[in-house]
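**Q** Give me a model of this one.
(2 chains)
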Amino acid sequence: KAGVTQTPRYLIKTRGQQVTLSCSPISGHRSVSWYQQTPGQGLQFLFEYFSETQRNKGNFPGRFSGRQFSNSRSEMNVSTLELGDSALYLCASSLAQATTSGRAEFGPGTRLTVT
Amino acid sequence: SQQGEEDPQALSIQEGENATMNCSYKTSINNLQWYRQNSGRGLVHLILIRSNEREKHSGRLRVTLDTSKKSSSLLITASRAADTASYFCALGRYNQGGKLIFGQGTELSVKP
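**A** Numbers count the residues shown, from 1 in each chain, chains lettered A, B, ... in the order given. From the prediction side, this is the model:
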C-alpha cells in the first residue's frame, strides 16, 4: 500500500510569509502527527490529530497550526515565517496513536527554507 | 529533560562489525521505539519494545530495554554499508497520546 505522502517536498519562503504543508496518511490510518527537525533542536513534536481533533500539542508558538480533514489528510500552517522555522517537517501516520499502536509511519518530509 | 539521550553521537565502523547504540531516559515509558533516517529523509520504523519486555530481535537487529536503569540499546550485527544512517530512539507514553519523544540520534557510518 502507498506510504505517507507529503507535499511539497521542498519549499523556499521569505520571512513574514505563511506556508501550508500537506500530508496524506496511509489508507486506514486515523492519527497524523507532525514533527519539526532541525540540526540544533532535533526532532520536536508539533501536534497530533485523530479523527479531525487535535489531541496533543507540542511547545510551539501559535503561528504553528494544523487541521485534519474527514479523509484523515492533514495540513499544517505556519504564519509569519521566521528564519528559525527553516527545518524538515515530518508527518507521521498510525492506526491509532503511535504510542499505543506501536509504530508511526513517516513521510519523506517537506524541507522548508526561510530566507 | 524528557527526551532520550543517545550515545555515542557518532560511530564509525567497518563492514561486518557490530554496531551498538545506547539510549537513556529519565521519565517512565510505556514503550521505546527505534527509527532510522537516511540523510535528511523520512524516518523508518525499526523495532518497538514495550516496557514489560527485556529483549527483541528483528533480523540483524537486537534491542534490549532495562527499565530499572532507564536505558535501551540497539545492536546491529554484521553491519553493511547500507546501514549508514542516523538512528533515533523514541519514547512512547500512553498519557501523551501519539507524541513520541525523540533522542538526538546516533550517526552511524559503516565503511566498506
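**Q** And the pLDDT for residue A:1?
**A** You'll see residue A:1 listed with a pLDDT of 67.
**Q** Show me what the residue of chain B found nearest chain A bridges to in the sheet.
**A** For chain B, the residue closest to chain A is residue B:92, as judged by C-beta to the nearest C-beta, at 3.4 Å. No exception for glycine: its C-beta is placed from N, CA and C like everyone else's. Beta bridges link residue B:92 to residue B:31, residue B:100 when assigned by DSSP bridges.
**Q** so how many other residues sit close to it?
**A** 26 (other C-beta atoms under 10 Å in any protein chain shown).
**Q** go on, residue A:72?
**A** Neighbour tally, residue A:72, other C-beta under 10 Å: 21.
**Q** Distance of the nearest residue to it once chain neighbours are set aside relative to residue B:44?
**A** Nearest residue to residue A:72, sequence neighbours excluded (C-beta to C-beta, 6 or more residues apart in numbering or on different chains): residue A:25, at 5.1 Å. Distance of residue A:25 to residue B:44, computed by C-beta to C-beta, to the nearest Å: 16 Å.
**Q** who's more crowded, these two?
**A** residue A:25 (27 against 13).
**Q** surely that one meets residue A:104?
**A** No - counting by C-beta atoms under 8 Å, residue A:104 is not a contact partner of residue A:25; they are 10.1 Å apart.
**Q** Now do the shared contacts for those two.
**A** residue A:93 (C-beta atoms under 8 Å, 6 or more residues apart in numbering or on different chains).
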